[in-house]
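>>> quick one: sequence plus predicted model below, questions after.
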Amino acid sequence: AVAAAKADSDVTLLARREEIAAECRRSGRNEAALPGIPLPGGLAYSADPAVLIDADIVLFAMPSQEHRAAARAYGASIGADATIVTCAKGMEQATGRLLTDVLGEELPGHRIAVLSGPGFAADIARGLPTAMVIAATDMALAKGLAAALSGPTFRLYPSTDRIGVQLGGALKNVLAIACGIVEGAGLGDSARAALISRGLAEMSRFVAARGGEGDTVRGLSGLGDLVLTATSHQSRNLRFGIALGKDGRASGGGELVEGAFAASVAGRVASDLGIDMPITEAVAAIIDGRLDVSAALERLMSRPITQE
Ligand SMILES: NC(=O)C1=CN([C@@H]2O[C@H](COP(=O)(O)OP(=O)(O)OC[C@H]3O[C@@H](n4cnc5c(N)ncnc54)[C@H](OP(=O)(O)O)[C@@H]3O)[C@@H](O)[C@H]2O)C=CC1
Ligand SMILES: O=C(CO)COP(=O)(O)O
């Protein structure tokens, strides 16, 4: 919302609780979500879904597992011509479905796009330079959304690979947990580099098997976001992995850890599709308590040597 407001769009931030909308309106800040960051003057705030009726673009910026419920709750208020954009990074855990498919099922007739790539909310809201991707099946739509939402410090690259872009966002979280485990367990920077590059190979196989373009993972929404999340302590997924690597217990401290959901879904779907995803499977097994870190490491290191 901050980026779009700076792009000169007419933007309303819809909270689900009136006290949040009221705090933003009164103080120009949302201390719980973005402490110390002033929000742009042009932003409007509401907790009334009726405001959705006038929106040309509706951005879904909530956890992946909430998308279906939110689409059901807000669907009737959204205007018939609105384009829906998911900003979340994950898959639906119960079904393994992509979020664009979940939204397509719940909001039939709407055009559905995805915004993903390397960008922490706080960096974007502070106006630090950020580049991300906006993907729609129709390039003209992706370009239109990029033009509407890009601003002086927020740059969107249009793409037509909705599958590759959203799977990059979902799977990089799993790999960030893996890099956190490596950091927490003191396994070294070389191991992190190996995980990033072998993880990218896993991502590419999964994207291609789900009908996306394997090359998309080399861009902002794959490698770009993976490098960011696997190396920055701002990342909740990385911090979750570090705690797991240190004391072997899964605890997100109440924070959203999308990769914990994605690991189990991706592991399950990969096995259904017959794809080899050893790192993702190891992360899922460590989170579930089926494997400890040293056993996972031994399993990964003793795999048959194959060509890169
Ligand atoms: N934070 C970041 O830096 C980035 C996050 N993302 C992605 O964005 C998604 C959301 O993450 P983030 O905002 O950080 O998560 P948070 O947990 O910080 O915030 C979740 C927000 O979603 C709202 N919400 C939860 N459930 C519903 C629902 N059913 N209907 C309406 N609103 C709901 C919450 O409202 P309430 O306050 O009322 O509980 C809250 O405002 C994730 O998929 C994440 O991977 C992507 C890029 C960067
Ligand atoms: O996706 C993100 C940055 O691009 C945010 O990562 P975390 O959810 O790990 O904090």
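Happy to help now that I have it. Ligands and ions are numbered 1, 2, ... in the order given.
>>> quick check: residues of the protein near ligand 2?
89, 118-120, 173, 176, 225, 228-229, 235-237, 258 (C-beta under 6 Å from any ligand atom). Every C-beta, even on glycine, is put in place using the N, C-alpha and C of the backbone.
>>> so of those residues, which ones are in helices?
173, 176, 225, 228-229, 236-237, 258 (DSSP state H).
>>> ok and the residue in the stretch 151-300 of the chain nearest ligand 1?
Closest residue of the stretch 151-300 of the chain to ligand 1, C-beta to the nearest ligand atom: residue 256 (3.8 Å).
>>> what ranges does the protein have for its strands?
12-14, 44-46, 57-60, 83-86, 111-116, 130-135, 154-159 (DSSP state E).
>>> the fourth one packs against which elements?
If I follow you right, that is strand 83-86. Strand 83-86 sits against strand 57-60, helix 99-106, strand 111-116, helix 139-149, with contacts defined as 3 or more C-beta pairs under 8 Å, 6 or more residues apart in numbering; DSSP states H and E.
>>> name the residues of the last one that are buried.
Which is helix 139-149. 141-142, 144-146, 148-149 (16 or more other C-beta atoms under 10 Å).
>>> which one among the residues you listed gets closest to ligand 2?
Of these, the one sitting nearest to ligand 2 (C-beta to the nearest ligand atom) turns out to be residue 149, at 15.9 Å.
>>> what's the closest non-adjacent residue to that closest one?
Excluding the flanking residues, the one nearest residue 149 by C-beta to C-beta, 6 or more residues apart in numbering is residue 4, at 5.1 Å.
>>> distance check, the one you found against ligand 2.
In this view, residue 4 and ligand 2 are 17 Å apart by C-beta to the nearest ligand atom, to the nearest Å.
>>> and stretch 133-141, how far from the chain's centre?
17 Å (C-alpha atoms, centre = their mean, to the nearest Å).
>>> contacts for that stretch next, please.
Contact with stretch 133-141 is made by 83, 85, 111-117, 142, 145-146, 149, 156-162, 164-166, 219-221, as judged by C-beta atoms under 8 Å, 6 or more residues apart in numbering.
>>> now the residues you listed: which count as buried?
83, 85, 111-117, 142, 145-146, 149, 156-162, 164-166, 219-221.
>>> any residues touching stretch 199-219, and which ones?
Outside stretch 199-219, the residues touching it (C-beta under 8 Å, 6+ apart) are 98, 133, 157, 159, 161-165, 167-168, 171-172, 174-175, 178, 222-223, 226, 266, 269-270, 273, 275-280.
>>> what's the spacing between the closest residue to residue 78 other than its chain neighbours and ligand 2?
Distance criterion C-beta to C-beta, 6+ apart; nearest residue to residue 78, sequence neighbours excluded, is residue 52 at 4.8 Å. According to C-beta to the nearest ligand atom, residue 52 stands 25 Å off from ligand 2.
>>> Provide a list of residues in contact with residue 52.
14, 58, 74, 77-79, 82.
>>> how about residue 132?
Residue 132 neighbours (C-beta under 8 Å, 6+ apart): 115-119, 154-157, 220-221.
>>> ok, which of those residues also contact ligand 1?
residue 119.
>>> okay if I get the contacts of residue 132 as a markdown table plus pLDDT?
Below are these laid out as a markdown table (pLDDT from 0 to 100):
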| residue | pLDDT |
| --- | --- |
| 115 | 98 |
| 116 | 98 |
| 117 | 98 |
| 118 | 98 |
| 119 | 98 |
| 154 | 97 |
| 155 | 97 |
| 156 | 98 |
| 157 | 98 |
| 220 | 98 |
| 221 | 98 |
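>>> closest one of the contacts of residue 132 to residue 185?
residue 118 (25.1 Å; C-beta to C-beta).
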